[in-house]
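Asker: sequence and predicted model, in that order:
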Amino acid sequence: MISDKTENIIVKFLTNQATASELEALESWVEDAKNKELFKEYIKINYAVEYNMKEFDSQKLRMMLLDAFAGEKKEKKRNKVRKIISYSAAAAVVLGMLTTTYLYTTDFFDKPVEVPVVVNNTISVGTNKAVLTLEDGSDVTLEKNKIYKKNNVVSNGEELVYNNDGKTKSGLVYNYLTIPRGGQFQIKLADGTEVWLNSETKLKFPVAFAEGTPREVELIYGEAFFDVSPSTEHKGAKFKVLNKNQEVEVLGTEFNIKAYKDEDKIYTTLVEGKVSISNLTSKKYLSPNQQAIINHTNTDIMINTIDAYNEVLWTKGIFSFKGKTLKEIMTVMSRWYDVDVVFKNVKLEKEKFNGVLSKNDEIREILSIIKKTNFINDYEIKDRKITIK
């Protein structure tokens, strides 16, 4: 029998609320063969019934759980907040697997399965790729499994690293990193700051930072997650991220900015530390799990309390859609899979969907999942255009 304490941890794990210490306790508990069976039965009774699942791969679930924990143990350098975010991501993947298993093994209301129309389907899953623009204006294509090295810059095809002491006395020299649709990339700046760049994103940054001045980069457009090197390691130099309607100033922290060209709002989410958000008329401060929203049409800065991990799961290879409309979801899909999406029935754009999916899934798999939830009637893929019906 599962104790009340363990049951509470399991529930918190499945709802992304468990702390790092609680998850470590759960890991140890699940390693016992008897407890593994109790864990399996608990999920079947409390979640499989809810989803009306016909199949349950307990071994796969256990391996996913243990693999997630093992992976976290290897990354000792990350702080407690980052661990909790990653554990939550692991929980989200498990729940996503449960839901996906249900969707693929159950036919809602015994309806006959209709095969969507797919013509010339050559849509690939997004991958690591970027274009580096050097100070002389020349472009370098960075791709997975492709090595690039020049002077103090090196790339393994997944990350771009600037290796130097992070200081310059001869004036700032800027490079640009552009991530196309269907791409993602990471960069380690000269000061040690790490940045994860999402699809359709462009970052301007100095090759080396000047002593005695704030460290500044510009997110020209797109989405980026910053793990900033502390100011204590740079003689107190603050770190600033500039973009069209705001300036974010930090001392050393983790935060996410989403500022796409085709969206009328800028979202800044704080994971750890403290940042200030300012524009032409006001300045506000964020605490962890707060999000600032600035609308291009006015100067107000609105602050909301949210689950920060949900906003940064994309850096872990996960799509997390919580209360998102189908239009918002399809916008994310179009960037990652480099496709155009249109709605034949515009009313469907406002339908809201909750789901946790892998960024490694084929686009057809994701569309099939959404279809089987009865949110959409059907879809059609023709060349690089998806029509939602």
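Answerer: Everything's here; your move.
Asker: quickly find the element holding the residue lying closest to Leu134 once chain neighbours are set aside.
Answerer: Nearest non-adjacent residue to Leu134, counting by C-beta to C-beta, 6 or more residues apart in numbering: Asn175, 5.9 Å away. For every residue, glycine as well, the C-beta is placed using N, CA and C. Asn175 belongs to strand 174-179 when elements are defined using DSSP states H and E.
Asker: buried residues, that strand. List them.
Answerer: Across strand 174-179, burial judged by 16 or more other C-beta atoms under 10 Å covers Asn175, Tyr176, Leu177, Thr178, Ile179.
Asker: residue closest to the middle of the protein?
Answerer: Trp314 (1.3 Å; C-alpha atoms, centre = their mean).
Asker: now it: how far from Gly126?
Answerer: Relative to Gly126, Trp314 is positioned 11 Å away (C-beta to C-beta, to the nearest Å).
Asker: what do these two both touch?
Answerer: Counting by C-beta atoms under 8 Å, 6 or more residues apart in numbering, the residues touching both Trp314 and Gly126 are Lys359.
Asker: returning to that earlier point: surely the residue nearest to Leu134 touches Val131?
Answerer: No - when contacts are counted by C-beta atoms under 8 Å, Asn175 is not listed as touching Val131 (10.8 Å).
Asker: list the contacts for Ala259?
Answerer: Neighbours of Ala259 in contact, by C-beta under 8 Å, 6+ apart: Leu219, Tyr221, Gly222, Glu223, Asn243, Lys244, Ile266, Tyr267.
Asker: with distance to Asn345, pLDDT and secondary structure added, can I get those in TSV?
Answerer: What follows is these, written out as TSV (distance: C-beta to C-beta, whole Å; pLDDT from 0 to 100; DSSP: H, G, I helix; E, B strand; the rest coil):
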residue	distance to Asn345	pLDDT	secondary structure
Leu219	35	97	strand
Tyr221	30	97	strand
Gly222	30	97	strand
Glu223	29	98	strand
Asn243	35	91	strand
Lys244	34	83	coil
Ile266	30	94	strand
Tyr267	28	95	strand
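Asker: helix, strand or coil for the spatially closest residue to Thr281 that is not a sequence neighbour?
Answerer: The shortest distance from Thr281 to any non-neighbouring residue, by C-beta to C-beta, 6+ apart, is to Thr299 (4.3 Å). Classification of Thr299 using DSSP: H, G, I helix; E, B strand; the rest coil returns coil.
Asker: before we move on, back to that, between the buried residues of strand 174-179, which is nearest Lys202?
Answerer: Within these, distances to Lys202 taken as C-beta to C-beta reach their minimum at Thr178, with 4.7 Å.
Asker: just checking, that closest one touches Lys204?
Answerer: No - using C-beta under 8 Å, Thr178 is not in contact with Lys204, being 9.9 Å away.
Asker: which residues do the two both contact?
Answerer: Joint contacts of Thr178 and Lys204 (C-beta under 8 Å, 6+ apart) do not exist.
Asker: Arg335 - that's part of a helix, no?
Answerer: Yes - secondary structure assignment places Arg335 in a helix (three-state DSSP).
Asker: so who does it touch?
Answerer: Here Arg335 is in contact with Arg181, Gly182, Asn198, Ser199, Glu200 (C-beta under 8 Å, 6+ apart).
Asker: show me these that map onto helices.
Answerer: Counting by DSSP state H, these place none of their members in helices.
Asker: in CSV: those, plus neighbour count and pLDDT.
Answerer: Formatted as CSV, those follow (neighbours: other C-beta atoms under 10 Å; pLDDT from 0 to 100):
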residue, neighbour count, pLDDT
Arg181, 15, 96
Gly182, 19, 95
Asn198, 22, 97
Ser199, 24, 97
Glu200, 21, 97
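Asker: nearest to Ile303 among those residues?
Answerer: Among the contacts of Arg335, and counting by C-beta to C-beta, the member closest to Ile303 is Asn198, at 22.9 Å.
Asker: ok, the closest one touching Gly222?
Answerer: Yes - counting by C-beta under 8 Å, Asn198 does reach Gly222; the two are 6.1 Å apart.
Asker: residues contacting Lys144?
Answerer: The contact partners of Lys144, taken as C-beta under 8 Å, 6+ apart, are Thr127, Asn128, Lys129, Gly157, Glu158.
Asker: so how far is Leu26 from the closest residue to Lys359 other than its chain neighbours?
Answerer: Nearest residue to Lys359, sequence neighbours excluded (C-beta to C-beta, 6+ apart): Gly317, at 4.8 Å. Using C-beta to C-beta, one obtains 22 Å as the distance from Gly317 to Leu26.
Asker: in terms of neighbours, single out the busier of the two.
Answerer: More crowded of Gly317 and Leu26, by other C-beta atoms under 10 Å: Leu26, with 21 against 12.
Asker: just the contacts of Lys144 now: which is nearest Ser229?
Answerer: Glu158 (20.1 Å).
Asker: what about the closest residue to that closest one other than its chain neighbours, how many neighbours?
Answerer: Closest residue in space to Glu158, ignoring its immediate chain neighbours: Asn128 at 4.6 Å, by C-beta to C-beta, 6+ apart. Residues lying near Asn128 (other C-beta under 10 Å) number 19.
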